[in-house]
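Visitor: Dropping a prediction and its sequence here:
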Amino acid sequence: MSIKTYRESIIEAMILEMKRDEKVFVIGEDISGGRGCGDYEGEAAGGPMGLTQGLWDEFGAKRVIDTPISETAIMGAAAGAALSGLRPIAELMFSDFFGVCFDQIYNQAAKFRFMYGEQGATPLVIRTMIGAGIGCGPQHSQSPYSIFANIPGLKVVTPSNPYDAKGLLIASIRDNDPVMFCEHKALLGMEGEVPDDAYEVPLGKGKIIKEGNDITIVAIGQMVGITQSCVSKFEEKGISAEIIDPRSLSPFDEEIVYDSVEKTGRLLVIDESNPVCSFGSWITSMVSDEVFSSLKAPTRVLTPPHCPVPAAPNLEAAYLPDVNRIVEATDYLANYS
C-alpha cells in the first residue's frame, strides 16, 4: 500500500495487466509522446495528461501503438483486434470526440457478442477523459457518460478516486465486453492509498461512502469528492446524509440505491452530465418506479445548466454543481414535508 495519484493508479493498472497478459496492448494518438518517431530519444510524455507515461519504454512500439489523429481508425482497429483474441486498451483522448468514432463503438463493438455469441466477445477498454473544472473549454470538457450508458452492450465506469481508478481499470481490462472507462481530468492529481499489487473493483457494484439516515445522495465521478466536502455543512444543519458512489453506471447497482432510499425516504443525485435525458434522471425514475412508497419528498437531480461548458474560469465555476448548491438542495429535501 502506498500513496498514489489517480493518474499513477491508471498507469500502474495498465503496466500490471500488460505484464500479466501479453495480449493486452495500448493504442491511441500521442500515447508514446514521440518515442519511436525518427531519431527522437526524449522522455515519452504519454499524451497531454501523461496518462501513458513510461509505457513505450517498458513495452515498445509493438504494444504501445501510436496512431494518426483518427478516432475512427483507432476504434476500428481496436474493435477488430478484440474480435481477433487480443485485449486492446484504446485511448480516446477526449470523450468530446466520441462522435467521430460513434459507429465503431455504438454499432460495432457493443453489438458483436449479441450478434455472434461468445465468438463475438469483444474485450476492449476505451479509456477517455471527461469533465469540466480545469479550463479546457466547451469542446474538451464535456461528460457524455449518459450517452455511453444508453448503449446496450457497452459497460461504463466513472472512478472517483485513485483506489477505484486502479481496481476498476484492471477489472475492465479482464472483462470480455467493451468498457468505456471515464477518467475525470480534474481528478488526475488526486492522491490516495492504493495497493501496489493487482486487485479488482467489480463492475456494477456501488459503494456507500458515508452512512446516514435523513437523505440519500448519489454522486457521480468528480461530484463524489465535492459532495463529501459538504458533510460538515450537512451536520451543522442537523442532516445525516448517506452518500453513494455508483462507480459503475452500466451495469448499475440499483439495489444499493433502493435500500438506501427505503431507509432515508429522500433522494438527491449529483450529476455532471447535461440535464436533458441525464443519467441522474434515470436514477430518480427507477427509484420512483420501484420504491415510491418509501419516498417522503420529491426526488431531485442537480446538474449543470443545459449549455456548453464555458471557457471563462468564472463561468465554468458557476456552471458546475458546487458546495453551496449541493447544501441548498440537500437542506430543501431533508426538510421537505
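Guide: Good, I have the coordinates. Numbering: from 1, shown residues only.
Visitor: From now on I want contacts and neighbour counts done on CA atoms only, so please keep to that.
Guide: Fine.
Visitor: which residues touch D271?
Guide: By CA atoms under 8 Å, 6 or more residues apart in numbering, the contact set of D271 is A219, I220, M223, S278, F279, G280, V301, L302, T303, P304.
Visitor: Mind checking which of these are in helices?
Guide: Secondary structure defined by DSSP state H assigns M223, F279, G280 of those to helices.
Visitor: need the strands for this structure, in chain order.
Guide: 2-5, 24-29, 64-67, 87-94, 125-130, 155-157, 179-184, 191-194, 207-210, 215-219, 241-245, 248-250, 267-270, 300-302 (DSSP state E).
Visitor: how about the contacts of D271 in JSON lines, adding neighbour count, distance to K155 and pLDDT?
Guide: Formatted as JSON lines, the contacts of D271 follow (neighbours: other CA atoms under 10 Å; distance: CA to CA, whole Å; pLDDT from 0 to 100):
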{"residue": "A219", "neighbour count": "27", "distance to K155": "18", "pLDDT": "98"}
{"residue": "I220", "neighbour count": "26", "distance to K155": "15", "pLDDT": "98"}
{"residue": "M223", "neighbour count": "23", "distance to K155": "20", "pLDDT": "98"}
{"residue": "S278", "neighbour count": "20", "distance to K155": "17", "pLDDT": "96"}
{"residue": "F279", "neighbour count": "26", "distance to K155": "14", "pLDDT": "97"}
{"residue": "G280", "neighbour count": "25", "distance to K155": "17", "pLDDT": "97"}
{"residue": "V301", "neighbour count": "22", "distance to K155": "23", "pLDDT": "98"}
{"residue": "L302", "neighbour count": "21", "distance to K155": "24", "pLDDT": "98"}
{"residue": "T303", "neighbour count": "23", "distance to K155": "22", "pLDDT": "98"}
{"residue": "P304", "neighbour count": "20", "distance to K155": "24", "pLDDT": "97"}
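Visitor: And those residues, which two are furthest apart?
Guide: M223 and S278 (14.5 Å; CA to CA).
Visitor: I'd say D322 and I226 touch.
Guide: Yes. Counting by CA atoms under 8 Å, D322 touches I226, with 7.0 Å between them.
Visitor: The two: who's more crowded?
Guide: Taking other CA atoms under 10 Å, D322 and I226 do not tie; D322 has more neighbours (19 against 16).
Visitor: Contact partners for the more buried one?
Guide: D322 is in contact with I226, counting by CA under 8 Å, 6+ apart.
Visitor: do you know how far it is from I270?
Guide: As judged by CA to CA, to the nearest Å, D322 and I270 stand 10 Å apart.
Visitor: K296 now?
Guide: Distance of K296 to I270, given as CA to CA: 19 Å.
Visitor: where in the stretch 1-150 of the chain is pLDDT low?
Guide: 33-45 (pLDDT under 70).
Visitor: how about the helices in it?
Guide: Remark: helices assigned in the stretch 1-150 of the chain by DSSP state H, counting those that start in this stretch are 6-20, 55-59, 71-83, 102, 112-116, 145-149.
Visitor: Out of the ones you listed, the one nearest S32 is which?
Guide: Closest to S32 of these is helix 55-59 (CA to CA; 5.6 Å).
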